[in-house]
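In: Next comes the sequence, and after it the predicted model I'd like to discuss.
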Amino acid sequence: MDGRPVLVATECEDATADLVITELNRRRVPVLRFDPGRDFPTRATLAASVTADGWAGRLTAGERTADLANIRALYHRRPNAYLAEHDDQAERFAVQENRRGLGGVLAALPGCLYLSHPQAIARAEYKPEQLSVAARLGLTVPATLITSDPAEAKTFAAAQPTIYKPLHAGAYEVDGEPAGIWAASVDPGEITDAVSRCAHLFQAQVPKVGDVRAVVVGDRVFCALITAPAGVVDWRSEYRNLTYEPVDCPEPIRAALVAFLAHYGLNFGAFDFAVTAEGAWWFLECNPNGQWAWLEHAANLPITSAIADLLENGESQ
């Protein structure tokens, strides 16, 4: 592959990655797209040797080959996890070797810009640490309780209007069908001993009139005000009934968001805020690898171009 390529690690069907790849193709930036968890080692091969300057060698996927010492950037979008085809000891061993072999090389490419580094993404997914970092950077954070004690949860919920939200947006099914677990209001009387089965996050409910999704690419911040029907706690549960408009990010918040990414070593973050009638922005969370493509269209935000700019420049941070 001629020139310094961009590696795009993502699943087979990823419309968001498609936007970025199309833009990079338009700019004549070479791209190698693959899914580490599915393509390796059957449809992709690796030959890597360590040198004084870092890893050298090649990664081949399909008919394309990339020089590991000459990678411009790696866009870690949404690759599948490394999984065993059969539940036996040899398969489990191979899966761990693949993750630590290919994944380890991809995590240590010399001079490569990561958007973002997989290990940085993994660290930044812990919401309790996010809230602590956000508060330390001067962002306004709602009162929050993380507990497995039903009595503590009831006391917290009795003190103010309260919501429950999951600590991790993992896969969940109801009657065999995919389902989302949305943030929802919770009354003290609804809290049972089931709370003792795992950690729960309870948070003071912000008297919001809207939400802001702030997408940060490098040091560029793109914000959209999201308005949901009255009474909706989690706008993600009402995608068909939302309105969007671009809004400016207040400078103190913009500076805090850029500092937040720097703290974690990220080049991207999708931040959620609740906005009150007085114009106060309350930090809720950051998804270090969140979706953004639908928002670009709905609020006319040039996010694809910003991501392509970062990947094309390929300056390691």
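Out: Yep, it's here. Numbering: from 1, shown residues only.
In: Who are the packing partners of the helix or strand containing residue 154?
Out: Assigned by DSSP states H and E, residue 154 belongs to helix 150-159. When contacts are defined as 3 or more C-beta pairs under 8 Å, 6 or more residues apart in numbering; DSSP states H and E, helix 150-159 packs onto strand 144-147, strand 200-204. C-betas here are computed from N, CA, C, even on glycine.
In: tilt between the longest one and helix 150-159?
Out: The reference is to strand 200-204. Strand 200-204 and helix 150-159 meet at an angle of 20 degrees, taking axes from the mean of the first three to the mean of the last three C-alpha atoms, to 10 degrees as the criterion.
In: these two touch, right, residue 313 and residue 113?
Out: Yes - using C-beta atoms under 8 Å, residue 313 makes contact with residue 113 at a distance of 7.5 Å.
In: Neighbour count: those two, which is higher?
Out: Set residue 313 next to residue 113 and count neighbours by other C-beta atoms under 10 Å: residue 113 wins out with 23 against 11.
In: what about the more buried one, distance to residue 106?
Out: Distance, residue 113 to residue 106, by C-beta to C-beta, to the nearest Å: 13 Å.
In: got the domain boundaries for the protein?
Out: For the chain, the domain assignment from automatic domain parsing gives the residue ranges 6-115, 122-127+207-302, 143-204.
In: neighbouring contacts of the helix holding residue 154?
Out: For helix 150-159, contacts defined as C-beta atoms under 8 Å, 6 or more residues apart in numbering pick out 145, 147, 162, 186-188, 191-196, 200, 202.
In: Quick one: the helices in the stretch 51-200 of the chain, in order.
Out: For the stretch 51-200 of the chain, applying DSSP state H, counting those that start in this stretch gives helices covering 89-106, 118-124, 127-136, 150-159.
In: Which among the ones you listed is found nearest to residue 283?
Out: helix 127-136 (4.5 Å; C-beta to C-beta).
In: Extract the C-alpha trace of the closest one and format it as CSV.
Out: The C-alpha coordinates for helix 127-136 follow below in CSV (Å, rounded to 0.1, in the frame of the first residue of the first chain):
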residue,chain,number,x,y,z
LYS,A,127,-18.2,6.3,35.0
PRO,A,128,-17.2,6.8,38.7
GLU,A,129,-13.7,8.0,37.6
GLN,A,130,-15.3,10.2,34.9
LEU,A,131,-17.4,12.0,37.4
SER,A,132,-14.4,12.6,39.7
VAL,A,133,-12.2,13.9,36.8
ALA,A,134,-15.1,16.1,35.5
ALA,A,135,-15.6,17.6,39.0
ARG,A,136,-11.9,18.2,39.4
